[in-house]
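K.L.:
Structure, please.
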Amino acid sequence: MGLVGVILLYVGAVLLVNGMGGLGRVDGRSMAVMNFMVGALALVASLMQLFRAETTQDYFGVATFFLFTFTYLYVAVSIWFELDMRGFGWFCFFVALTTIPCAIVAYTGGDLRFGTFWLIWGALWYMFYEANVRERDFGRVLPFATIGVGVFTCWIPGLLVLTGNW
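P.N.:
This next block holds a predicted model:
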C-alpha cells in the first residue's frame, strides 16, 4: 500500500498544479514539467509493479497505475509540444469508462473509499473528455474540480497512507 501512497501524494501535487494552470496561475510549460515528473514517477512505479506481478489481480493493479501514468505523460507531451488535446480527450473518455469496473472491483472487495474515489476520478476524466473533445466550456469549475479531486482523493489520502493513518 506504501507505493499507492507515494503515487497518490504526487498525483495530488500534479492535479493542484494543473488546476492552477487552468485558472491561469501557472504557465503551460511549467505545468508540463510537473506532469513529466509525476508521469515518470508513475512509470517507474508501474513498471516495478509489472515486473513483480504474478496474479490476475496484480496485473489489474498494474493496469490501473498505467491509467494515471499515461494521463500525466500525455498531458506533458501535449502541452510541451503544443499538440491538439483532442487525442488526450479521447484517452480521458476511455479512462472514464474504465473507472466504472475499477469502482465495482473496489466495492466488491469491500473498499468503499477507493470505490468512491474511482467514480470521482472517472467524473474528472469525463470532464476532460468533454472539455477537449466536445469543447465544452466549464469555466472555472474544471480547474477547481481538478484541485478539489487532487486534494481530497489523492494528496490527503496519500499522506494518510504514508503515515499509517489510512
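K.L.:
going forward, measure contacts and count neighbours with C-alpha atoms only.
P.N.:
OK.
K.L.:
Need the residue in this structure that's farthest from the chain's center.
P.N.:
Distance to the chain centre peaks in the chain at Glu54, reaching 24.6 Å (criterion: Cα atoms, centre = their mean).
K.L.:
how close does that residue get to Gly5?
P.N.:
Distance, Glu54 to Gly5, by Cα to Cα, to the nearest Å: 21 Å.
K.L.:
what does Gly148 give?
P.N.:
18 Å.
K.L.:
what bits of the chain have low per-residue confidence?
P.N.:
Along the chain, segments meeting pLDDT under 70 are nowhere present.
K.L.:
which residue is nearest the middle of it?
P.N.:
Phe68 (4.3 Å).
K.L.:
need the contact list for that one.
P.N.:
The contact partners of Phe68, by Cα atoms under 8 Å, 6 or more residues apart in numbering, come to 39, 42.
K.L.:
and it, how far is that from Phe51?
P.N.:
Distance from Phe68 to Phe51, by Cα to Cα: 18 Å.
K.L.:
hey, where'd the helices end up in this protein?
P.N.:
For the chain, the helices defined by DSSP state H cover 2-22, 28-52, 56-80, 86-108, 112-132, 141-150, 156-162.
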